[in-house]
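A.B. asks: next comes the sequence, and after it the predicted model I'd like to discuss.
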Amino acid sequence: MPGSTESIFKAPAFSRGGAQAQPARRIRILGVPLDMGASRRGVDMGPSAVRVAGLEARLEALGHQVADGGNIRVEIAETQSSGNRNARYLKQIAETCAHTAEAVVKALEDGMTPLVLGGDHSLAAGSVSGVAEFYRRKKEKIGILWIDAHSDFNTPESSPSGNVHGMPLAALLGLGPEALANIFGYSPKIAPENTVLIGVRDIDAAERENIRRAGVTEVYTMRDIDERGMRAVMEDAVRAAGRGTAGYHVSLDMDWIDPEDAPGVGTPVRGGATYREAHLAMEIVADHGCMLSMEIVEVNPVIDEHNRTADLAVELACSAFGKKIL
């Protein structure tokens with residue numbers, strides 16, 4: 001398991017060869033084949049695509065012990081009522097998130113690092129709640145690196161689409177919807193000063209206001225990455241997420257990466273991180289050694305090209321778990 005956040009400031013200096021090797025972890029893979037949070041279907045097959053790309057074997061080749069915990073049970077949209085058009089399938093998504101949260105708590109209790117595979121990004125309300133609850137019982141708090149083209153800071157009142165995958169970070173910061181915000185009976189799950197958005201480039205006006213209302217200031221857009229470089233942004237990001245916390249959860253939406261490199265995603269947006277920028281970000285996460293848990297979401301095999309996006313997801317997971325060039 002990661003050490004205290006002091007290790008952020010004691011991490012080895014960066015070099016072209018990377019920092020020293022990370023200790024082996026015990027990793028539990030959890031699939032959440034959820035696609036009710038989005039308009040475009042297909043991300044429910046994401047967990048299978050990432051598994052087919054060799055996730056378990058490639059992590060084991062790095063020296064980690066890996067166990068696949070299977071999939072969280074998810075209802076099929078065609079058998080369900082979508083409910084309120086301002087937050088479609090909210091009831092079913094909240095139930096899935098509650099089950100996900102319990103599974104994440106159990107993995108941490110077993111001394112394992114949860115690696116959650118999505119599914120759409122609404123599942124993060126469950127995975128992050130699980131990590132936060134585990135550390136809350138230890139009287140500690142967590143941070144989050146939200147790595148995404150979108151801020152996912154809408155609420156049912158502000159959402160132009162009613163798609164719940166655009167609401168999980170708002171829920172985790174206590175803005176609602178209540179069914180997602182109050183998993184385990186309390187809210188918020190993360191303090192705004194430990195919430196970091198990285199690589200956002202598609203934020204609507206209501207989300208901007210919600211981010212301000214929540215008190216989140218650590219927002220690094222693609223312009224920040226363009227101007228400052230990925231290394232500078234990530235160094236600031238991990239320090240903010242880790243300050244005063246047990247460590248941080250990494251929430252990686254594959255649409256953060258430019259569609260040229262990751263074509264098979266739920267909501268592609270041009271102008272994202274390049275292949276090497278994405279790897280550098282994950283390598284820096286590994287260098288600091290304070291990642292408590294991780295999820296990779298929004299892989300959509302239906303629109304992918306020969307499983308390229310799932311294969312990249314596996315590569316990035318390996319970088320986050322310590323794979324080095326040298």
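C.D. replies: Received it, and whenever you're ready, just let me know what you need. Numbers count the residues shown, from 1 in each chain.
A.B. asks: how close does G119 get to I296?
C.D. replies: As judged by CB to CB, to the nearest Å, G119 and I296 stand 9 Å apart. All C-beta atoms are positioned from the backbone trio N, CA, C, and that covers glycine.
A.B. asks: who's more crowded, those two?
C.D. replies: Using other CB atoms under 10 Å as the criterion, G119 and I296 rank with G119 on top: 34 against 27.
A.B. asks: quick one: the helices in the chain, in order.
C.D. replies: Counting by DSSP state H, the segments of the chain that form helices are 6-10, 46-52, 55-60, 90-109, 124-137, 168-172, 178-181, 205-214, 222-228, 230-242, 275-288, 308-320.
A.B. asks: deepest-packed of these, please.
C.D. replies: When the helices of the chain are scored by mean count of other CB atoms under 10 Å, the highest mean neighbour count falls to helix 168-172 (a mean of 29).
A.B. asks: isn't N71 up against P33?
C.D. replies: Yes: if you go by CB atoms under 8 Å, N71 and P33 touch, sitting 5.6 Å apart.
A.B. asks: between these two, what contacts are shared?
C.D. replies: Residues touching both N71 and P33 (CB atoms under 8 Å, 6 or more residues apart in numbering) are P47.
A.B. asks: for the stretch 201-326 of the chain, give me the ranges with low pLDDT.
C.D. replies: Across the stretch 201-326 of the chain, nothing is flagged by pLDDT under 70.
A.B. asks: which one of the helices of the chain lies closest to A24?
C.D. replies: helix 55-60 (9.9 Å; CB to CB).
A.B. asks: how far does the closest one sit from its chain's centre?
C.D. replies: The gap between where helix 55-60 is centred and where its chain is centred comes out at 19 Å by CA atoms, centre = their mean, to the nearest Å.
A.B. asks: quick one: mean pLDDT for that helix?
C.D. replies: Per-residue pLDDT values over helix 55-60 give a mean of 98.
A.B. asks: look up phi and psi at the residue nearest to L292 when sequence neighbours are not counted.
C.D. replies: Nearest residue to L292 in three dimensions, chain neighbours excluded: G247, at 4.1 Å (CB to CB, 6 or more residues apart in numbering). Per-residue torsions, G247: phi 150, psi -160 (degrees, to the nearest 10).
A.B. asks: now G247: how far from A171?
C.D. replies: In terms of CB to CB, G247 sits 21 Å off from A171.
A.B. asks: ok, now A49?
C.D. replies: Taking CB to CB, one finds A49 at 26 Å from A171.
A.B. asks: can you pull the contacts of the residue nearest in space to the middle of the chain?
C.D. replies: Nearest to the geometric centre of the chain sits S251, at 1.3 Å (CA atoms, centre = their mean). By CB under 8 Å, 6+ apart, S251 lies in contact with 121, 124, 127-128, 144-148, 294-295, 297.
A.B. asks: check what pLDDT S7 gets.
C.D. replies: 36.
A.B. asks: kindly report the same for I142.
C.D. replies: As predicted, I142 sits at a pLDDT of 98.
A.B. asks: same question, D68
C.D. replies: pLDDT for D68: 98.
A.B. asks: quick check: it touching R51?
C.D. replies: Yes: here D68 reaches R51: they are 7.4 Å apart, a contact under CB under 8 Å.
A.B. asks: my read is that D255 contacts H165, right?
C.D. replies: No: contact criterion CB under 8 Å: D255 and H165 do not qualify, at 10.5 Å.
A.B. asks: quick check: neighbours shared by these two?
C.D. replies: Counting by CB under 8 Å, 6+ apart, the residues touching both D255 and H165 are 266, 298.
A.B. asks: more crowded one of these two?
C.D. replies: Taking other CB under 10 Å, D255 and H165 do not tie; H165 has more neighbours (30 against 27).
A.B. asks: how about stretch 143-162: buried residues?
C.D. replies: For stretch 143-162, burial by neighbour count (16 or more other CB atoms under 10 Å) applies to 143-156, 158-159, 162.
A.B. asks: end-to-end on that stretch?
C.D. replies: Across stretch 143-162, the terminal residues are separated by 27 Å (CA to CA, to the nearest Å).
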